[in-house]
Structures are given as structure tokens and as C-alpha cells.
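# give me a model of this one.
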Amino acid sequence: MGKIIGKGLKNIPWQDKPEGYKMPVWRYSENPIIGRHDTSIANSIFNSAVVPFKDGFAGVFRCDSMGVSMDIYVGFSKDAIHWDISDKPIEFVGEDDEILNREYRYDPRVVFIEDRYYVTWCNGYHGPTIGIAYTYDFKKFVQLENAFLPFNRNGVLFPRKINGNYAMLSRPSDNGHTPFGDIFYSQSPDMDYWGHHRYVMGTFKGDASAWQSTKIGAGPCPIETDEGWLLIYHGVLNTCNGFVYRMGCALLDKDQPWKVIGRSRFYILAPEMQYEQCGDVPNVVFPCAALTDADTGRIAIYYGCADTVTGLAFTTVDELLSWIKKYPLQES
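Prediction:
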């Protein structure tokens, strides 16, 4: 049995796996947990990130406005299901107005490292790149330098330093609705200068795993286990009706996370429900956050549904590690 390395979380949201259900990830019965109009000016709320905070939970949410501008907003919850999200986007402070100048912000991730919470997101700076900020209290957010040159998306930090450096996964891209994309690993001594880039894994072109043949991208922050880093990611297939986003999982080496130990040939969740298939961008399940309970091995996944609303799903460390081992992707 696998073991999550970390803290217990007694108040993690949870529903048991339905009897007879065969997939490793199952949905919350009351999905979606956040509707598209759950703030006063929102057109859609999706692709958002949550973390334990004090006696409850905090999060950074992608809320596209009714003007269809993309920005990120703070929210709080007692149970990680019912959320109170601000009507005003986060106002960042920092040393350089050049970096603070807003073009757009979307698809945030949040992770606690050492003594503070770090937020990463797709930040508009002459094209998409990875923005970074930190907060202690989810009230004041200090923005740092962008991690990379444009174009880049899906910047996901590891929850601790690796070999003395901060570590991040990302997906270099183009300036459009990227029809390609592989995952890379980068490290930094100071959360300012990023380098030592390493290829992690890419798309799979064979029909054995066509759901991830167009592009892939890291989802929630990697989960440390006794077997390695458990990564939940999205994979995309380009069909005659457009892109279809599904979830997969992989296991990365603990000390050299650019080395893949195992990867799922079959997806773990696909857009099957009406709220995942119908919306502003149809046929999308897009994971951005995961709460974990090291005591029980439970994992709660937060994911965007059809770029419109937010869903919640459940799994365990054993379910995902077993899936990788039972249905491995054999890459030549």
C-alpha cells in the first residue's frame, strides 16, 4: 500500500467510492460545487486551487467576468465545498510596476512551502508566462518576477525544495490555443532565477493512449508518496469536434522528478457528465488542486468543468498507484 508523505487532514471533504464503480476517481454527488455565476460579475468560475488554511480552507479562483476578462480571486470555506469568493480580483503588490501591470491572469495553483503560500498562474506579459506570488494570510499578495519567458503555461510548484532548490513543472507553449505541449522541470535557488530545465514527459502518439496525443500539462501540485511524486495531469486529444481534456496520473522519481517511474495508459477521469461536456469550452475536465490526508491516503481533486464551473472528485493514493501499475504506458 502506498503512503502519502505529509500531514493529516481530518476535515478533508470525502465521499466513499460507489459500490461497483470501476474507475479510480469518482465524482462528488452534488457537483458542480461552484456555479458559473457564484460571484456578482462572473461568467464562469473554474480551473481553481484550494489549500488548508487555519481551521478551514482558502483558495485562489479563476473567475472570468461577464466582460470575459480573465483574473484570479481569493475565496474561503469552512468545509472546502461551500465557498465565499471575493467579487474583486486580487490586487498584487511588488517591487516592479513592470511586472505588476496586468494583462490577464488565469489557471492558478496554490501550495504551502516552508512558511508561506505560493501562488502560480498563467500571467499575461506579452503573451502567457508563469506568474508567481506569495502570501501569508490570503489578504496581502506579493508578486515576484515571472518565472519564464513567454510562452508558457501550467506552472506547478512542488510542495518542498528538492536537492536544495525550489522546483516547478511547466509546459512551454505558443501564443494561441496550443496544439502541442510537453511537461518540463525547472529549478531555482531563490524563486527568482529559474534554470536547469529538464524534459519530464510528452504526448503519446500511438493509439494505445490517444487521449493524451495532442498535449499534456501538470495539474495539482505533485503529491509526495513513499514511492515517488504522484502527479495528476491533463491530457488532450484533438477530435473532429475540437479538443477533449481528460485526466491521467504518473509517478516521478523523488530525487530526480524529471525521471518518470510510471504513467497511466488509460485516463482516470473523462468528461462524461452534462456539466463537463457542455459549457463555454465543451468536453473539459481540468485538474488544478488536490487536498490530501496522509493518515487515510484520501485525495480530493478540484477540477474545472467545460471551462464554466468547478467540480470535486475523490480518489486515494492506492487507487492511483495501482492504476499506474495495472495499466502502464509503455513508451518506446
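# quick one, strands of the stretch 101-250 of the chain?
For the stretch 101-250 of the chain, strands defined by DSSP state E, counting those that start in this stretch occupy the ranges 105-113, 116-124, 128-135, 141-143, 152-157, 166-172, 183-188, 195-201, 215-218, 223-225, 228-239, 242-252.
# in its sheet, which strands sit next to the following helix or strand past the last one, and in what direction?
Using DSSP states H and E, the next helix or strand after strand 242-252 towards the C-terminus is strand 260-263. According to DSSP bridges, strand 260-263 has the following sheet partners: strand 242-252 (antiparallel).
# list the buried residues for the partner strand?
Residues of strand 242-252 classed as buried by neighbour count (16 or more other Cβ atoms under 10 Å): 243-252. In this view, the C-beta of every residue, glycine as well, is placed from N, C-alpha and C.
# find the residue at the geometric middle of the protein.
Centroid-nearest residue in the chain: Cys288, 2.3 Å away (criterion: Cα atoms, centre = their mean).
# who are the contact partners of that residue?
Shown in contact with Cys288 (Cβ atoms under 8 Å, 6 or more residues apart in numbering): 47-49, 107-109, 219-220, 302-304.
# and Pro220, how far from Lys22?
With distances taken as Cβ to Cβ, to the nearest Å, Pro220 is found 23 Å from Lys22.
# name the residue in the two with the higher neighbour count.
Pro220 (25 against 7; other Cβ atoms under 10 Å).
# per-residue confidence for Ser332?
Here the pLDDT value assigned to Ser332 is 57.
# quick one: low-confidence ranges for this structure?
Residue ranges of the chain with pLDDT under 70: 332.
# what do you get if the cut-off is 50, keeping everything else the same?
The model of the chain has no residue with pLDDT under 50.
# buried residues in stretch 314-321, which are they?
By neighbour count with 16+ other Cβ under 10 Å, stretch 314-321 contains the buried residues 314-317, 319-321.
# same check on stretch 139-152?
Neighbour count says stretch 139-152 has 141, 143-148, 150-152 buried, by 16+ other Cβ under 10 Å.
# show me how far stretch 227-235 is from its chain's centre.
11 Å (Cα atoms, centre = their mean, to the nearest Å).
# next one: stretch 187-203
17 Å.
# picking up where we left off before, so where does the residue nearest to the centre of the chain fall, helix or strand?
Assigned by DSSP H and E, Cys288 falls within strand 285-293.
# strands paired with that strand, and their directions?
Here strand 285-293 has these sheet partners by DSSP bridges: strand 298-305 (antiparallel).
# and the strand it pairs with, how far from the chain's centre?
9 Å.
# C-terminal to it, what's the next element?
Downstream of strand 298-305, the first helix or strand assigned by DSSP H and E is strand 309-316.
# show residues contacting stretch 202-215.
By Cβ under 8 Å, 6+ apart, stretch 202-215 touches 171, 178-183, 216, 235-238, 243-244, 246, 248, 265-267, 270, 329-331.
# returning to that earlier point: okay, the buried residues of stretch 314-321 in TSV with distance to Lys10 next?
Converted to TSV, the buried residues of stretch 314-321 look like this (distance: Cβ to Cβ, whole Å):
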residue	distance to Lys10
Phe314	16
Thr315	18
Thr316	16
Val317	17
Glu319	20
Leu320	21
Leu321	23
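# nearest to Phe57, out of those: which one, please.
Distance to Phe57, by Cβ to Cβ, is smallest for Phe314 among those, at 15.7 Å.
# the closest one and Val25, how far apart?
Phe314 is 7 Å from Val25, by Cβ to Cβ.
# tell me, what's touching these two both at once?
Counting by Cβ under 8 Å, 6+ apart, the residues touching both Phe314 and Val25 are Ile301.
# what about Asp253, distance to Ala294?
20 Å.
# more neighbours: which of the two?
Higher neighbour count among Asp253 and Ala294: Ala294, with 17 against 13, using other Cβ under 10 Å.
# residue contacts, that one?
Neighbours of Ala294 in contact, by Cβ under 8 Å, 6+ apart: 3-9.
# please repeat the previous calculation with a cut-off of 7 Å.
Counting by Cβ atoms under 7 Å, 6 or more residues apart in numbering, Ala294 makes contact with 4-8.
# nearest to Lys88, out of the residues you listed: which one, please.
Scanning these for proximity to Lys88, where the rule is Cβ to Cβ, the winner is Lys7, at 31.5 Å.
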